[in-house]
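Colleague: My questions concern the predicted model and sequence given below.
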Amino acid sequence: MKITFGFLFLVAALKTSNQQCLSENDNKRINPGGRHGLYTGQQSFSLALLQSINQLMPNENLFFSPYSTYHALLIAYFLAGGQTESYLKRILRLDTSQTKPDFYQAYKLDKLQTRIDKINSSYEFTNANKIYVAEDVVVRDCIPSLFGEELSKAPFKSDPQNARLTINKWVEDQTHNMIQNLLPPGSIDQSSTLVLVNAAYFKGKWENKFNPDETKPEIFYVSSSKQIMVDMMHVEGTFNHDVSESLEAHILEMPYKGDQISMYVFLPPFTKEGAIDNTLKKLTVDKFQNIVNSNRLTAKTVQVSFPKFALEHTIELVPILENMGIGDLFQETSNLTTLTEDKVSLGNALHKARIEVNEEGTRAAASTVLFSFRSSRPIEPAQFHCDHPFIYVIYDKAEQAVLFTGVFRRPH
């Protein structure tokens, strides 16, 4: 299974403002709980973002990375000041008792941990941020020391086309060429002053691989009146499984090798209208944490059927983030004075993601078309047959972070 995504902010316009670094005292003693606070908020943000995107795109296949979006907004938070900083802290669900330097240290620790994990992991996961600043923008003295790896000058004014191609090439390199042309023609011009980019790549192999010889065309029930054929993969093995009455869905955990990252599949009943929306509304942070951080799921033999698919999804994030309460980040009143004494305002936010699921690197889930939430006796092996719309979340249990999520509603 390969997953890639790219995320960016486009920024334009410059005027004068006040000067500041991360805080009045960047060298104060760091709160050791910063990293924990960072990812507790990330889980809440991820579920809220999924619900918001689903509300605006209720009939589409969805796939995106809350992790990517969160980190791009986190960079914006580090560069922000005043009311803009307050809005970002609120939407990111950052612990109000901690400061910006606390979260900056958590961010740096997360970068280091990702590199360490990469050395001996059975999966591949990379995550990188870039801050592209126009050649004529004077950044604050603290920025190069804080974001030396992330910061690059770009010829937005003298050669915007080359600047766009350079950014796209960086994204392609970071994602092993899976994300192409993240910035479309015309998105960068001589008025552009800043581009914040996050790009990541994930490749993992299933703990329980599917046998390619058992993959065959089967019906996927898009709705009660529409069916589409899809290549359905099959495997029987030991999986963590549960039937949740509170979420009104079957749940299956499909681990990748290494047992640090898993895909959790939420399969509502096909017979109930609006079942996906119903489960998403019920999926609170507390319920999600109870599933991924406890022994709520039971290990059992399960016959899994899961569609083989690949999809790419581009999302215009500005209306979604504004609906979530991003505040003035995309307005002329925004404050990004940590970056520069000049006035800078955000213009656009794009997110592009691609996922490939196959027998080698995907976990499968299947459920019966009709099922009850109570049974007088267990049936072995259980069946998890994903032949109708489902929700999926790829979660890093060690980092306690939601990496990717989506809703699969129909094969192409």
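Modeller: Done, it's in. Residues are numbered from 1 along each chain as shown.

Colleague: contacting residues around the closest residue to residue 234 other than its chain neighbours?
Modeller: For residue 234, ignoring the flanking residues on the chain, the nearest one in space by C-beta to C-beta, 6 or more residues apart in numbering is residue 214 at 4.4 Å. Every residue, glycine included, has its C-beta placed from N, CA and C. Residue 214 makes contacts with 233, 234, 235, as judged by C-beta atoms under 8 Å, 6 or more residues apart in numbering.

Colleague: Show me these that map onto strands.
Modeller: 233, 234, 235 (DSSP state E).

Colleague: tell me how far stretch 312-325 is from the chain's mean position?
Modeller: Stretch 312-325 has its C-alpha centroid displaced from the chain centroid by 12 Å (C-alpha atoms, centre = their mean, to the nearest Å).

Colleague: Ok, stretch 298-317 next?
Modeller: 15 Å.

Colleague: That one: which residues count as buried?
Modeller: By neighbour count with 16 or more other C-beta atoms under 10 Å, stretch 298-317 contains the buried residues 302-309, 311-313, 315, 317.

Colleague: between those, which is nearest residue 80?
Modeller: Distance to residue 80, by C-beta to C-beta, is smallest for residue 317 among the buried residues of stretch 298-317, at 16.7 Å.

Colleague: what pLDDT does that closest one get?
Modeller: Per-residue confidence at residue 317 stands at 86 (pLDDT).

Colleague: so what's it closest to, chain neighbours aside?
Modeller: What sits nearest to residue 317 in space, not counting adjacent residues and going by C-beta to C-beta, 6+ apart, is residue 349, at 4.0 Å.

Colleague: Show me the helices in the stretch 151-300 of the chain, by range?
Modeller: For the stretch 151-300 of the chain, the helices defined by DSSP state H, counting those that start in this stretch occupy 160-174, 275-282, 285-292.

Colleague: Distance check, residue 63 against residue 260.
Modeller: 21 Å (C-beta to C-beta, to the nearest Å).

Colleague: So between those two, which is more surrounded?
Modeller: residue 63 (22 against 18; other C-beta atoms under 10 Å).

Colleague: Look up which helix or strand the more buried one falls in, please.
Modeller: Following DSSP states H and E, one finds residue 63 within strand 62-64.

Colleague: That strand pairs with which strands?
Modeller: Strand pairing for strand 62-64, determined by DSSP bridges: strand 401-408 (antiparallel).

Colleague: longest helix of this protein?
Modeller: Ranked by residue count, the top helix of the chain under DSSP state H comes out as helix 34-56.
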